[in-house]
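A.B. asks: after the sequence you'll find the predicted model.
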Amino acid sequence: MKIGFASIYSYRPQPEHLAYLAKLLQSSGHTVKFLTCDASVSKCYIQLLREQGKLRECPKCVLGGLRSYTTSGIHRISAKSKAGLPEQVLDELCASSSYTLARTETKEDRDSQLAVTLKRSLYEPVDILVGSTLEWIREEGLEGIICFNGRMDLPRGITYACERLEIPYITSERHWLGHGLQLIPNANCLSLKERERFNREYADKPLTNEQASLAGKLAAQRFLRKNELEWRLYNITATKTSWPIGGTGMKVLILPSSKNEFDGHKEWTAEWDDYTIAIDHLLGIMDLSPSRCILRCHPNWAEKIGKRDGFSSERHYTNWAARRNIFCIGSRETADTYDLINEADLIIVNGSTTGIEAALLGKRVICLGHATYQGAGLCIQVTKSTDWNALSQSKHHDHELVARRALRHLYTEACRFPQYVKFVRARTTTRYNYYEGADPERIVKIFESGSLTTDDSIYGADLRGEDEVIEKIFARKWAELVNWREKPMELRRFPVNRRAGLRSLDSIREMYSKGDK
């Protein structure tokens with residue numbers, strides 16, 4: 001099979017992951033080709049994110065990209081290869097990048113001059129990417145493409161070209177929990193279809209004791225804020241917090257997250273454009289008093305992605321809370337969100353992973369949007385008006401079942417959904433070890449079937465394998481859970497290195513900011 005690889009951006013460790021997959025496929029006799037940008041376009045997401053020009057950003061991207069792993073089979077993007085796409089198509093292809101760059105939260109943000117200007121500045125580069133990718137695929141006779149991300153401007157141009165020519169593609173990302181690779185067939189890195197399929201398949205399948213222990217360790221790492229293989233850690237200096245408002249009635253904790261990264265993605269689109277509309281409706285249906293609600297602004301809003309923080313998101317939610325007389329805790333405050341979850345009777349989210357943490361504690365969770373854990377049965381999910389009837393389930397809340405499903409989801413997310421978990425092991429967020437034994441034909445099967453198979457289809461015969469871990473979670477014995485040790489693997493290393501003379505590059509890059517930080 002002739003397979004093309006394209007990273008475009010040299011976010012660590014993405015080029016290395018693609019180099020690993022290319023080497024794996026070559027070892028099985030497949031032909032691999034590469035597409036690089038090599039500073040061929042005038043603007044891109046990285047330049048706009050860091051507000052730097054080509055002279056500052058392009059050399060780093062070229063040096064850290066696929067050329068540092070190989071010099072053969074490389075096709076360079078040509079600024080002359082324009083696809084001539086209509087503005088409507090370019091607008092769709094550039095939307096996700098512009099919304100993330102502008103940190104949009106509302107329709108007004110998306111229609112702002114800033115977002116529109118950012119979007120339009122990417123039209124020509126994306127048109128060039130599509131034209132060059134179409135040319136590359138035709139010239140090389142490629143039968144499938146593996147590319148990084150597929151959501152942002154230039155990678156989205158690559159996947160669009162695949163769609164135009166009706167050839168399969170796979171998007172690759174580092175998995176958010178660390179080990180293995182997130183590979184998604186014929187969709188970008190945000191796609192929920194395969195995740196939801198896995199969640200539904202394993203939601204009611206008990207874990208073995210070893211599986212439950214691993215998931216319990218991952219849970220404990222989050223509650224102890226030791227989940228160091230995740231890209232971003234939040235509120236690591238959190239201070240012990242008690243429920244700050246008095247009165248009687250149900251304690252409601254509202255934990256919104258930003259929508260800009262998912263904005264415009266069809267699989268993440270809820271019926272309401274503004275999540276506060278859904279929260280208002282929920283409070284009314286359940287007859288919940290705003291005076292018993294706490295809004296905890298997401299700590300991410302206090303952090304910068306590139307040069308911009310989440311001021312727009314925080315302003316939108318705090319203004320809404322003020323109008324409703326809802327107690328608000330700002331994004332920069334160090335109040336411990338886990339302490340608040342512990343005391344809350346109901347947690348409202350719109351898709352954040354905090355829904356998993358709350359469910360692990362057996363809490364009642366209502367998710368007013370799409371989420372990576374949809375289908376796992378750990379919350380009540382409402383994304384459209386016809387879903388409100390599902391709220392009746394909250395009267396029959398089974399805290400133990402919710403916790404078990406959250407634990408199973410965490411295992412599914414860590415060990416069933418990502419590919420090559422045993423063979424691609426994260427040491428840090430950007431450094432990986434690779435091991436022999438991975439089956440390269442799995443990639444071919446993904447191309448052919450358009451779906452994933454799991455690394456681990458084993459499950460327990462009954463609940464006993466989970467019982468001890470669930471008891472420790474309910475007792476908040478995080479130290480015991482986090483100290484569990486996985487059996488060491490005895491596999492030979494599968495070397496994936498940059499070319500001679502460039503192998504110190506990653507050590508040097510460790511001194512600089514990572515990705516979008």
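C.D. replies: That came through, no problem. Keep in mind it's a predicted model, so treat the numbers as computed, not measured. Residues are numbered from 1 along each chain as shown.

A.B. asks: how is this structure carved up into domains?
C.D. replies: What the record gives for the chain is the domain set 2-80+126-197+420-454+493-509, 205-416, from automatic domain parsing.

A.B. asks: was I right to think residue 247 contacts residue 293?
C.D. replies: No: using C-beta atoms under 8 Å, residue 247 makes no contact with residue 293, being 10.8 Å away. The way it works is simple: take the backbone N, C-alpha and C, and place the C-beta from them, glycine included.

A.B. asks: which one of these two has more residues nearby?
C.D. replies: residue 293 (24 against 8; other C-beta atoms under 10 Å).

A.B. asks: do I have it right that that one meets residue 328?
C.D. replies: No: at 9.6 Å, residue 293 and residue 328 do not qualify as touching, with contact defined as C-beta under 8 Å.

A.B. asks: the domains of the chain: which one's closest to residue 115?
C.D. replies: Checking these against residue 115 by C-beta to C-beta gives domain 205-416 as the closest, at 9.4 Å.

A.B. asks: that closest one: end-to-end distance?
C.D. replies: End-to-end distance for domain 205-416, by C-alpha to C-alpha, to the nearest Å: 13 Å.

A.B. asks: quick one: that domain to chain centroid distance?
C.D. replies: Mean-position distance between domain 205-416 and its chain equals 16 Å (C-alpha atoms, centre = their mean, to the nearest Å).

A.B. asks: tell me the mean pLDDT over it?
C.D. replies: Averaged across domain 205-416, pLDDT comes to 95.

A.B. asks: tally of neighbours for residue 427?
C.D. replies: Using other C-beta under 10 Å, residue 427 has 10 neighbouring residues.

A.B. asks: just residue 189 next, same as before
C.D. replies: By the criterion of other C-beta under 10 Å, residue 189 has 18 neighbours.

A.B. asks: my guess is it contacts residue 171. True?
C.D. replies: Yes: Residue 189 is within contact range of residue 171, at 5.3 Å (criterion: C-beta under 8 Å).

A.B. asks: between those two, what contacts are shared?
C.D. replies: With contacts defined as C-beta atoms under 8 Å, 6 or more residues apart in numbering, the residues shared by residue 189 and residue 171 are 149, 150, 151.

A.B. asks: and the first one, how far from residue 137?
C.D. replies: With distances taken as C-beta to C-beta, to the nearest Å, residue 149 is found 18 Å from residue 137.

A.B. asks: any idea how far residue 43 lies from residue 25?
C.D. replies: For residue 43, the distance to residue 25 - C-beta to C-beta - is 32 Å.

A.B. asks: hmm, I was thinking of residue 2
C.D. replies: Applying C-beta to C-beta to residue 2 and residue 25 gives a distance of 10 Å.

A.B. asks: for residue 133, same thing?
C.D. replies: From residue 133 to residue 25 the distance is 19 Å (C-beta to C-beta).

A.B. asks: neighbour-wise, which of the two wins?
C.D. replies: A count of neighbours by other C-beta under 10 Å puts residue 133 above the other of residue 133 and residue 25, at 29 against 21.

A.B. asks: apart from its chain neighbours, what residue comes closest to that one?
C.D. replies: residue 161 (3.7 Å; C-beta to C-beta, 6 or more residues apart in numbering).

A.B. asks: quick check: that neighbour is in a helix.
C.D. replies: Yes: using DSSP: H, G, I helix; E, B strand; the rest coil, the assignment for residue 161 is a helix.

A.B. asks: pull the contacting residues for it.
C.D. replies: Here residue 161 is in contact with 83, 129, 130, 133, 134, 137 (C-beta under 8 Å, 6+ apart).

A.B. asks: ok, residue 454 touching residue 416?
C.D. replies: Yes: contact criterion C-beta under 8 Å: residue 454 and residue 416 qualify, at 4.3 Å.

A.B. asks: more neighbours, the two?
C.D. replies: With neighbours defined as other C-beta under 10 Å, residue 454 and residue 416 compare such that residue 416 has more, 26 against 16.

A.B. asks: can you list contacts of stretch 125-139?
C.D. replies: Looking at what lies outside stretch 125-139 - C-beta under 8 Å, 6+ apart - the contacts are 4, 6, 8, 33, 35, 40-44, 75, 77-79, 81-85, 90, 93-94, 142, 145, 153-154, 156-158, 160-162, 164-165, 167.

A.B. asks: hey, C-alpha coordinates of stretch 444-457 in PDB?
C.D. replies: The C-alpha trace of stretch 444-457 is given here as PDB (Å, rounded to 0.1, in the frame of the first residue of the first chain):
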ATOM      1  CA  VAL A 444      -4.100  -1.000   6.700                       C
ATOM      2  CA  LYS A 445      -7.200  -2.500   8.300                       C
ATOM      3  CA  ILE A 446      -8.200   1.000   9.600                       C
ATOM      4  CA  PHE A 447      -7.900   2.400   6.100                       C
ATOM      5  CA  GLU A 448     -10.000  -0.500   4.700                       C
ATOM      6  CA  SER A 449     -12.700  -0.600   7.300                       C
ATOM      7  CA  GLY A 450     -12.900   3.000   8.400                       C
ATOM      8  CA  SER A 451     -13.000   1.800  12.100                       C
ATOM      9  CA  LEU A 452     -10.700   1.000  15.000                       C
ATOM     10  CA  THR A 453     -10.100  -2.300  16.900                       C
ATOM     11  CA  THR A 454      -9.100  -2.300  20.500                       C
ATOM     12  CA  ASP A 455      -5.800  -3.200  22.000                       C
ATOM     13  CA  ASP A 456      -7.600  -4.800  24.900                       C
ATOM     14  CA  SER A 457     -11.000  -6.600  24.500                       C
END
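
A.B. asks: ok, and the closest non-adjacent residue to residue 192?
C.D. replies: Closest residue to residue 192 apart from its sequence neighbours, by C-beta to C-beta, 6+ apart: residue 267 at 4.7 Å.

A.B. asks: and the one you found, how far is that from residue 85?
C.D. replies: 23 Å.

A.B. asks: and of the domains of the chain, who's closest to residue 480?
C.D. replies: Nearest to residue 480, of the domains of the chain and by C-beta to C-beta, is domain 205-416 at 8.1 Å.

A.B. asks: the biggest helix by length in the chain: which residues count as buried?
C.D. replies: Counting by DSSP state H, the longest helix found in the chain is helix 123-140. Under the neighbour-count criterion of 16 or more other C-beta atoms under 10 Å, helix 123-140 has 123, 125-137, 140 buried.

A.B. asks: now it - C-alpha only, CSV.
C.D. replies: Provided in CSV are the C-alpha atoms of helix 123-140 (Å, rounded to 0.1, in the frame of the first residue of the first chain):
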residue,chain,number,x,y,z
TYR,A,123,-7.8,31.5,3.0
GLU,A,124,-4.9,31.6,0.6
PRO,A,125,-2.6,29.2,2.6
VAL,A,126,-5.3,26.6,2.9
ASP,A,127,-6.1,26.9,-0.8
ILE,A,128,-2.5,26.3,-1.5
LEU,A,129,-2.4,23.3,0.8
VAL,A,130,-5.4,21.7,-0.8
GLY,A,131,-4.0,22.3,-4.3
SER,A,132,-0.6,20.9,-3.3
THR,A,133,-2.1,17.8,-1.5
LEU,A,134,-4.3,17.0,-4.6
GLU,A,135,-1.2,17.2,-6.7
TRP,A,136,0.9,15.1,-4.3
ILE,A,137,-1.8,12.3,-4.1
ARG,A,138,-2.1,12.1,-7.8
GLU,A,139,1.6,12.2,-8.6
GLU,A,140,2.5,9.5,-6.1
